[in-house]
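Asks: Take this sequence and fold it.
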Amino acid sequence: MEIEFDVKVTAGVLYDYLLYHTYTSLSGMLGTLVGVFLIMAFLSTKYVIYLIAGVVLIAYLPGALFLRAMQQVQNTPAFKKPLHYKMTDEGISVSQGENEENQSWDNCVRAVSTGRSIILYTSRTAASIFPKRDLGDKKEALIQMISTHMPPKKVKIRF
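Replies: Predicted coordinates for the structure are as follows:
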């Protein structure tokens, strides 16, 4: 089996990935939890500083991630043109112009989905992002390909 498709990583796509990656990590969850506790402390003590600190903690991260996504898309040459992916039984090939990289299925760490993308992690912090809008009718075939070549406990994709 073989699937080929092109994806364009935009600021919105990258922001969606960064939100998912951050808020499923310990530090992202901890920051939100501390923000919520500070707001709860404000409600019981009426100290405005708790409210301000809680709102800053909860609102800062999404804003900072949005700015980071905008900067990365603007400053990364690989995001200027579409990436061409070829998925085979041997692994994943991504190319752009003359450059091509190959990744074996054994090196894939996990696969997840967000409302906008399917994300295939190739390390703890590196991933291939497949925007659902770019996949079109190949979305189900991609999910099938990933599910066939990765252990079920590593695949958390919702349709």
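Asks: Do me a favour and average the pLDDT over stretch 68-84.
Replies: What stretch 68-84 shows for mean pLDDT is 94.
Asks: Show me which residues of that stretch are buried.
Replies: 69, 72, 73, 79, 83 (16 or more other Cβ atoms under 10 Å). Using the backbone N, CA and C atoms, a C-beta is placed for each residue, glycine as well.
Asks: What sits closest to the spatially most central residue of the chain if chain neighbours are left out?
Replies: Nearest to the geometric centre of the chain sits residue 17, at 2.3 Å (Cα atoms, centre = their mean). The shortest distance from residue 17 to any non-neighbouring residue, by Cβ to Cβ, 6 or more residues apart in numbering, is to residue 129 (5.0 Å).
Asks: Surely that neighbour is within a strand?
Replies: Yes - per DSSP: H, G, I helix; E, B strand; the rest coil, residue 129 lies within a strand segment.
Asks: so it touches residue 116, yeah?
Replies: No - look at residue 129 against residue 116 with Cβ atoms under 8 Å: they stay out of range, at 9.2 Å.
Asks: Now do the shared contacts for those two.
Replies: Residues touching both residue 129 and residue 116 (Cβ atoms under 8 Å, 6 or more residues apart in numbering): residue 13.
Asks: Domain map for the protein?
Replies: Using automatic domain parsing, the domain parsing of the chain gives 2-9+78-156, 14-75.
Asks: Number of residues surrounding the residue nearest to residue 107 when sequence neighbours are not counted?
Replies: In space, and not counting its chain neighbours, residue 107 is closest to residue 122: 6.1 Å by Cβ to Cβ, 6+ apart. By the criterion of other Cβ atoms under 10 Å, residue 122 has 17 neighbours.
Asks: check contacts around residue 122.
Replies: Residue 122 touches 103, 107, 108, 109, 128, counting by Cβ under 8 Å, 6+ apart.
Asks: Phi, psi for the third one please.
Replies: I take that to be residue 108. Per-residue torsions, residue 108: phi -80, psi 130 (degrees, to the nearest 10).
Asks: From residue 116, how far out is it?
Replies: Noted for residue 108: a distance of 20 Å to residue 116, by Cβ to Cβ, to the nearest Å.
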